[in-house]
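> Need coordinates for the below:
(2 chains)
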There are 2 protein chains.
Amino acid sequence: MSRDPDRERPLDGGAAQQETGPSRKGAVLVNGVILNGPTTDVKAGEKFVEEAWRLIMEEVVLKATDVSEKVCEWRPPEQLRQLLDLELRDSGEPHGRLLALCRDVIRYSVKTNHPRFFNQLYAGLDYYSLVARFMTEALNPSVYTYEVSPVFLLVEEAVLKKMIEFIGWKEGDGIFNPGGSVSNMYAMNLARYKFCPDIKEKGLSGLPRLILFTSAECHYSMKKAASFLGIGTENVCFVETDERGKMIPEELEKQVCQAKKEGTAPFLVCATAGTTVLGAFDPLNEIADVCERHGLWLHVDASWGGSALVSRKHRNLLHGIHRADSVAWNPHKMLMAGIQCCAFLVKDKSDLLKKCYSAKASYLFQQDKFYDVSYDTGDKSIQCSRRPDAFKFWMTWKALGTLGLEERVNRALALSRYLVEEIKKREGFKLLMEPEYANICFWYIPPSLRETEEGPEFWAKLHLVAPAIKERMMKKGSLMLSYQPHRGKVNFFRQVVISPQVSREDMDFLLDEIDLLGRDM
Amino acid sequence: MSRDPDRERPLDGGAAQQETGPSRKGAVLVNGVILNGPTTDVKAGEKFVEEAWRLIMEEVVLKATDVSEKVCEWRPPEQLRQLLDLELRDSGEPHGRLLALCRDVIRYSVKTNHPRFFNQLYAGLDYYSLVARFMTEALNPSVYTYEVSPVFLLVEEAVLKKMIEFIGWKEGDGIFNPGGSVSNMYAMNLARYKFCPDIKEKGLSGLPRLILFTSAECHYSMKKAASFLGIGTENVCFVETDERGKMIPEELEKQVCQAKKEGTAPFLVCATAGTTVLGAFDPLNEIADVCERHGLWLHVDASWGGSALVSRKHRNLLHGIHRADSVAWNPHKMLMAGIQCCAFLVKDKSDLLKKCYSAKASYLFQQDKFYDVSYDTGDKSIQCSRRPDAFKFWMTWKALGTLGLEERVNRALALSRYLVEEIKKREGFKLLMEPEYANICFWYIPPSLRETEEGPEFWAKLHLVAPAIKERMMKKGSLMLSYQPHRGKVNFFRQVVISPQVSREDMDFLLDEIDLLGRDM
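Numbering: from 1, shown residues only, chains lettered A, B, ... in the order given. As a prediction, this is how the structure comes out:
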């Protein structure tokens, strides 16, 4: 590798962190700025990257699998603000000070890679996706045109093709985007466009009320999407679920008929495959029947549950998904691709996605380029700049193969099953319901409540237990899992199993630790 | 650092890339899966990360400042597909093969860090932001609740506060989001909510036509946003600009009055500070007057031009921005924070943003937490998972200080000025117009056209020149800059200057190289 020596040795010296002055030799001065040579102290910059990398490797990557480390080093906001030097000033800081800041940032951040982080629908460390992410951060691409992102556009195409195969469509289209919530918005807008293409130009003003249907257990992004897209949250009909949290198809059909009778315009059903709290899977086949009978677009929010498709053992949870018109599926959850990695997939191959979303910017999507501009897929997006999120999933898939992905899903669900059986065996633990997936919902009943009858007083007291244990757990830093009240049920814990770095021993620890933290309550 | 020895030495051996089997000692078997110990071969994974890191450092970071390297190694899609092994298979690949793949991905990717990459509104390598990005990829946080992202929420707050200060507001609110296009959507929806809060629940059906105004030179995301939000692209009024590309305030006022006369509902004006092609700044103060007179929300899309605010010399370009109700500003462009780093900023402090966007998910934004839940700011977002994009900008700001950021902007604009003067001096180069910012738009007129009169034939022929030179440039890999036709003007080059790694010599090279590539045309 050869370098322009002027670029390596700026003559100015100066503090390492400052951008140093360029060479004065044959200097050109414009508006008081000397323009010869670059001003970055490349050597110092590279050294900083090396040093910080070492820190990241030691403090994050190597510690990620160490259960003796804390999951979090809890500090309340006011105190953390004092511990960290957050303020941005006129002058910069030297490299040594920046490295100390990096160390503090890591120290006080939650270790979502920790084997005992069970708080969200993502967890663990995937080495392959991590490498892919380091690469894309260093390359800093934006995925809109082939000209500027040739590799990442082809990778996205390859990943989408494979995901479409797993859904069971013969062909399809899709786009990676920043979140399942955004995928659901894509679906809502696309279904609306299919229903009435004029809306793109004319908008909703003067049209009858567009109505969509989703389960009462759906993700909250449905309401956000309806509001953002100008449909209105009141036009989201929440369909009742059975006791397991699954949408009842007969209820759906009743509501659709009722909406039609009222003169509104039903256009979309959003089923959920893997609900956020209970991990429930709507009966897709029966819902697809209703959609077919009424000519409604079927979108499946499989952001969480979609990854079961790679497991021959568990893909039946999504039986009927091939009948969907569109699917949201986030490999950053169960398949650990790193936040964010979210595919919005569409069965249509008549370019509906492009027709719906394109704005044909002539400065970016020039039609007189020298290559096949059908590869410039950025105009299908609501974004302009877009990150190459497919690449990190591609790398993991390459590394593990489909069989390796399948093994991860199977193991996570086997661990979930183990935990369920342990909960059933243990005194003071009470399962909310049998899980279908990796969400295990349960109450911890402290000794003082174990003799109390399950009446209003019992539930009122139990409601306070999970938040109190969560507080102790956070302050101790031994474990993180989530709790919530849910549709009339008082606060309960939701344990989520994902990472292959997690073992039976961690499940045992989880129950022991909750018992330890709540025993005196 | 202590480790559970079982986690380090899985008993199974196996190919390095495969997740190895857990310990059989006291094995628990569920559904055919052994659940003891983690299945990841941690040592092999860590080694892979180390090796890949070395590759990234050598092939991307260290080469980023080397002008003797190619900007791109062009391959047409069909050929690139054959060169890369894109297919995802049942079995995984060994680490050696994965590293070779990584090398290929880097090789065929465009080097957006290269000092001669001038193709988009981002470029160059910022060592500090890069380190921050490596950190967040390793930590893999999602920014919605303080509980799970304490540091990154406080950092976002600190950065927003400082950006608000630079806009000139006494106080304000804001959120980082995935792109200027999305920021513009946030603005459109928020202005609409302010105009008529009922829309959140009831939607647009049955309402009069909502109308918004923006410059004819605005970013294409305005149309995307109007379509996505159900407003409709026909309800975007494009206001005529002067010859410099600036919105004409008198024309704006005429159109607003006309819209009111027609019984529609004007609610929003989007001004642009730094247009995408010409780098024009709308006259914000005069536009604010119009907005005030008619009670319209003023949003300023300063995605590109906002960074001039950190320069005392150039901030006058945005004179009047403190009168805006909301601003989009992307530090990932001129301030090199890495894609994506985009702030949407709002003057309102009455919690309008939260009221407009919240959905109050009880599983995530529990109100009975043990800390001050006003720090759980995720409900202001249209996303659920969200990346900590503020952090990378914070790191650069910490490292350089405001003065360092200012110096970057001043230098980029001084270099632009230098290039303009060179273009004026050189035969065969013709400036489209004097730049206001870092976009320098010009034609290259090849020798064969230099004697032709500037009539229809001249322009028709000139239209073909930039695409032809671009093709040669891409195939040679020496340089990348953009071209486009624009509002009646035939294809011209748009040069964008950003990175402090760029020097006067690169400007000279740019002109020499275009001349070299086009001399025979």
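
> Regarding chain A, what is its longest helix?
Counting by DSSP state H, the longest helix found in chain A is helix A:389-425.

> you'd agree residue A:184 is up against residue A:221?
Yes. In this structure, residue A:184 is within contact of residue A:221 by Cβ atoms under 8 Å, at 4.9 Å. No exception for glycine: its C-beta is placed from N, CA and C like everyone else's.

> who touches both of these two?
Residues touching both residue A:184 and residue A:221 (Cβ atoms under 8 Å, 6 or more residues apart in numbering or on different chains): residue A:301.

> Helices along the stretch 401-521 of chain A, start to end?
Applying DSSP state H, counting those that start in this stretch to the stretch 401-521 of chain A gives helices spanning A:456-463, A:465-476, A:504-518.

> and residue B:496, which of these is closest to it?
Go through these one by one with Cβ to Cβ and the one that ends up closest to residue B:496 is helix A:465-476, at 46.6 Å.

> got the residues of the stretch 251-400 of chain A near chain B?
The interface of the stretch 251-400 of chain A toward chain B, taken as Cβ under 8 Å from any Cβ of the partner chain, is made up of A:276-277, A:313, A:332, A:338-340, A:357, A:359-364, A:366, A:368-372, A:375, A:382-387, A:391, A:394-395, A:397-400.

> now, which of the residues you listed lie within helices?
Assigned to helices by DSSP H, the following of these qualify: A:357, A:391, A:394-395, A:397-400.

> Just the buried residues of these.
Restricting these to buried positions leaves A:357, A:391, A:394-395, A:397-400, with burial counted as 16 or more other Cβ atoms under 10 Å in any protein chain shown.

> which stretches of the stretch 351-500 of chain A have low pLDDT?
Judged against pLDDT under 70, the stretch 351-500 of chain A has no low-scoring part.

> Report how many residues lie close to the closest residue to residue A:342 other than its chain neighbours.
Nearest-residue entry for residue A:342: residue A:330, 4.5 Å, with adjacent residues in sequence omitted and distances by Cβ to Cβ, 6 or more residues apart in numbering or on different chains. Taking other Cβ atoms under 10 Å in any protein chain shown as the criterion, the count of residues near residue A:330 is 31.

> again with residue A:520
Using other Cβ under 10 Å: residue A:520 sits among 8 other residues.

> got a list of what it touches?
Applying Cβ under 8 Å, 6+ apart, one finds that residue A:520 lies in contact with residue A:446.

> Identify whichever of the helices of the stretch 401-521 of chain A lies nearest to residue A:443.
Taking Cβ to Cβ, helix A:456-463 is the member of the helices of the stretch 401-521 of chain A nearest to residue A:443, at 6.1 Å.

> In the closest one, which residues are buried?
Along helix A:456-463, these residues count as buried under the neighbour rule (16+ other Cβ under 10 Å): A:459, A:461-463.

> ok, and what's touching it?
Contacts of helix A:456-463 from elsewhere in the structure, counted by Cβ under 8 Å, 6+ apart, are A:443, A:445, A:449, A:452, A:485, A:490-491.

> can you narrow the residues you listed to ones near chain B?
The subset of those lying close to chain B, counting by Cβ under 8 Å from any Cβ, consists of A:485, A:491.

> Would you show me how to pick out the buried ones of the contacts of helix A:456-463 in ChimeraX?
Buried residues among the contacts of helix A:456-463 (16+ other Cβ under 10 Å), as a ChimeraX selection:
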select /A:443,445,449,485,490,491
